[in-house]
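Visitor: quick one, what's the 3D model for this:
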Amino acid sequence: MISVRGLAHRYDDAVALEEVSLSIPDGEFLVLAGANGSGKTTLVRHFNGLLTPDEGEVVVDGTPVADDVVAARAAVGMVFQDPRDSFVAATVGADVAFGPENLGLPREEIDARVADALDAVGMAGRRDERIDRLSGGERERVAVAGALAMEPNHLVLDEPFTGLDEPARRSLRRHLAELHAAGTSVVVVTHDLRDVFERADRVVVLADGRVALDGSPAETREELHSLGVRPPD
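Guide: Just a heads-up that it's a prediction; the model follows:
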């Protein structure tokens with residue numbers, strides 16, 4: 001479980017989050033929505049210690065993130081809005097292998113995880129390709145594969161469908177559904193709900209750094225537009 005307790009974060013004098021409390025049970029598919037600037041990305045970057053709160057705390061699987069950042073980063077896989085923010089190697093295979101290598105896993109286990117993760121995102125057989133020669137959609141898939149190779153308990157994706165063509169969107173939707181069915185917690189950060197609304201167990205909407213709406217898709221549908229979120233068709 002990811003528990004957010006009284007979280008506040010400020011950038012100089014600008015308030016990004018204020019008194020945010022939220023629990024994400026194991027295995028839940030949560031959509032975190034909100035208009036641009038509502039605090040979505042700031043919130044999820046606290047889940048694995050990429051940001052430090054000014055007030056409050058985040059607890060992952062029973063351990064405060066501040067007490068063990070390494071454990072939080074192993075438990076929470078993060079896919080950034082711009083996949084270039086997560087790349088650390090020149091080739092597809094080396095980048096996807098980076099996380100498992102840092103866990104100290106045997107080479108055979110690392111190779112198996114890389115192969116499985118690349119297959120899951122439709123990039124099997126492309127581990128030797130240079131990342132700087134991939135399209136935007138292909139880079140997005142490599143970033144997702146890198147998170148999957150860590151086999152996290154919780155997977156957080158920030159605007160993962162941006163820049164993807166329709167076949168890639170379908171592939172990603174399908175794989176997120178499979179992960180969810182297998183028991184992985186999935187958090188999708190988005191301002192456009194078309195790809196994930198019907199899949200979600202729960203929708204949380206932020207506005208001005210606070211939780212403005214929290215409920216099932218059916219309970220939240222009618223209020224989305226007023227909070228700057230595009231309702232699904």
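Visitor: longest helix in this structure, please.
Guide: Criterion DSSP state H: the longest helix present in the chain is helix 166-181.
Visitor: packing partners for the next helix or strand after that one?
Guide: In the C-terminal direction, the helix or strand that comes right after helix 166-181 (DSSP states H and E) is strand 185-190. In this structure, strand 185-190 packs against strand 29-33, helix 40-44, strand 154-158, helix 166-181, with contacts taken as 3 or more CB pairs under 8 Å, 6 or more residues apart in numbering; DSSP states H and E. C-beta here means a position set from N, CA and C on the backbone, and glycine is covered the same way.
Visitor: nearest residue to the most centrally placed residue in the chain in space, please, no chain neighbours.
Guide: By CA atoms, centre = their mean, the chain has its centre lying nearest to Val156, at 1.7 Å. Excluding its sequence neighbours, the residue lying closest to Val156 (CB to CB, 6 or more residues apart in numbering) is Val187, at 4.5 Å.
Visitor: you'd agree Ala212 is up against Val229?
Guide: No. With contact taken as CB atoms under 8 Å, Ala212 and Val229 are classed as non-touching, separated by 9.7 Å.
Visitor: give me the pLDDT value at Glu222.
Guide: As summarised for this prediction, Glu222 has a pLDDT of 89.
Visitor: near the closest residue in space to His154 that isn't next to it in sequence, how many other residues are there?
Guide: The spatially closest residue to His154, leaving aside those adjacent along the chain, is Ser185, at 4.1 Å (CB to CB, 6+ apart). Residues contacting Ser185 under the criterion other CB atoms under 10 Å number 23.
Visitor: could you pull out the helices in the protein for me?
Guide: 40-44, 69-75, 92-102, 107-120, 136-148, 166-181, 217-220.
Visitor: who wins for proximity to Gly27 among the ones you listed?
Guide: Smallest distance to Gly27 across those (CB to CB): 7.4 Å, for helix 166-181.
Visitor: from Val76, how far out is Arg126?
Guide: Here Arg126 is placed at a distance of 26 Å from Val76 (CB to CB, to the nearest Å).
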